[in-house]
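Novice: I need the structure of the sequence given here:
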Amino acid sequence: MALVVAISLVGALVQWLLAHWWVLLIIGAVATALGVLWVQQTRQRAEWARARAQALRLGLAEIDGLDHKAFEFAVRDLMRRDGCQAERLGGAGDDACDVRAVDPAGRVCAIQCKHRRDGIRGSAVGVGVLQQVNGTARQVHGADIAVVLTNGRFTSKAIPWGREHRIHLVDRRLLGEWTAGSRRLWDLLDRIPPPRRPTALS
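Specialist: So this is what the prediction gives:
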């Protein structure tokens with residue numbers, strides 16, 4: 001009985017709509033308008049997100065106030081600001097890569113982050129960290145650019161060791177210049193490999 005009633009109601013509704021076809025036009029117009037509005041709002045939200053990312057600026061005092069996990073997320077967001085596809089890998093089993101990014105030229109960048117709560121007064125990053133990165137950045141993460149980044153400093157032995165093994169060291173001074181937003185990270189590094197693919201600037 002319920003099925004018969006439902007079929008009857010549907011049939012009556014179809015007949016009514018056929019007799020009043022202009023209602024379908026109104027419904028279609030409203031649905032189209034709502035669809036256009038949804039697309040526009042989605043695009044606008046994406047543009048706002050890009051604008052916020054491009055405007056990202058961090059001072060060293062802000063960075064010092066982060067914990068190690070928030071520091072890794074900040075580095076990821078800064079790489080995204082510079083036009084990279086970036087993800088945070090930090091945590092157990094990250095194989096000495098906290099942030100992995102692909103720049104607009106297709107180069108893969110493996111970044112190991114070392115946050116020091118006391119900044120420049122904290123313990124210096126030594127050769128041991130660089131050795132870990134050297135063993136995994138290219139072999140495991142496929143990196144073209146291997147980076148160890150800290151809001152502190154490096155030991156006197158780490159600096160030449162990094163240069164010899166093509167590990168880029170970003171200390172507090174260089175980090176501050178990058179996070180201020182005036183230049184992209186790879187523009188601040190020496191001996192960067194050539195692009196993997198053409199870019200608008202090449």
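Novice: Now the element after the helix or strand bottoming out on mean pLDDT in the chain, going C-ward?
Specialist: Least confident helix or strand of the chain, by mean pLDDT, DSSP states H and E, is helix 21-54 with a mean of 72. Downstream of helix 21-54, the first helix or strand assigned by DSSP states H and E is helix 60-64.
Novice: Okay, buried residues for that next one please.
Specialist: 60, 63-64 (16 or more other CB atoms under 10 Å). From N, CA and C alone the C-beta is placed, and that goes for glycine too.
Novice: And the helices in this structure?
Specialist: Ranges of helices in the chain, per DSSP state H, are 2-19, 21-54, 60-64, 68-81, 127-136, 158-164, 172-179.
Novice: so Val147 touches Arg166, yeah?
Specialist: No - using CB atoms under 8 Å, Val147 is not in contact with Arg166, being 10.5 Å away.
Novice: who has more neighbours, the two?
Specialist: Val147 (25 against 14; other CB atoms under 10 Å).
Novice: show me what contacts the more buried one?
Specialist: By CB atoms under 8 Å, 6 or more residues apart in numbering, the residues touching Val147 are 109-112, 167-170, 185, 189.
Novice: where's it relative to Val127, distance?
Specialist: To Val127, Val147 is 16 Å away according to CB to CB, to the nearest Å.
Novice: ok, now Met79?
Specialist: Distance from Met79 to Val127, by CB to CB: 25 Å.
Novice: what does Asp103 give?
Specialist: Taking CB to CB as the measure, Asp103 falls 27 Å from Val127.
Novice: Please identify which of those two sits among more neighbours.
Specialist: Neighbour totals were compared for Asp103 and Val127, and Asp103 leads with 23 against 18 (other CB under 10 Å).
Novice: Just give the nearest non-adjacent residue to the more buried one, would you?
Specialist: Spatial nearest neighbour of Asp103, excluding adjacent residues (CB to CB, 6 or more residues apart in numbering): Cys84 at 5.0 Å.
Novice: from what I can see that neighbour touches Cys109, true?
Specialist: Yes - Cys84 lies in contact with Cys109 (CB under 8 Å); the separation is 7.3 Å.
Novice: what's the overlap in contacts for the two?
Specialist: 101-103.
Novice: Narrow those residues to those in strands?
Specialist: 101-102 (DSSP state E).
Novice: Which of the shared contacts of Cys84 and Cys109 sits closest to Val5?
Specialist: Val102 (60.3 Å; CB to CB).
Novice: Might you report the residue contacts of the closest one?
Specialist: Shown in contact with Val102 (CB under 8 Å, 6+ apart): 84-86, 108-109.
Novice: the domain parsing of this protein - what is it?
Specialist: Domain assignment for the chain by automatic domain parsing gives 2-54, 60-187.
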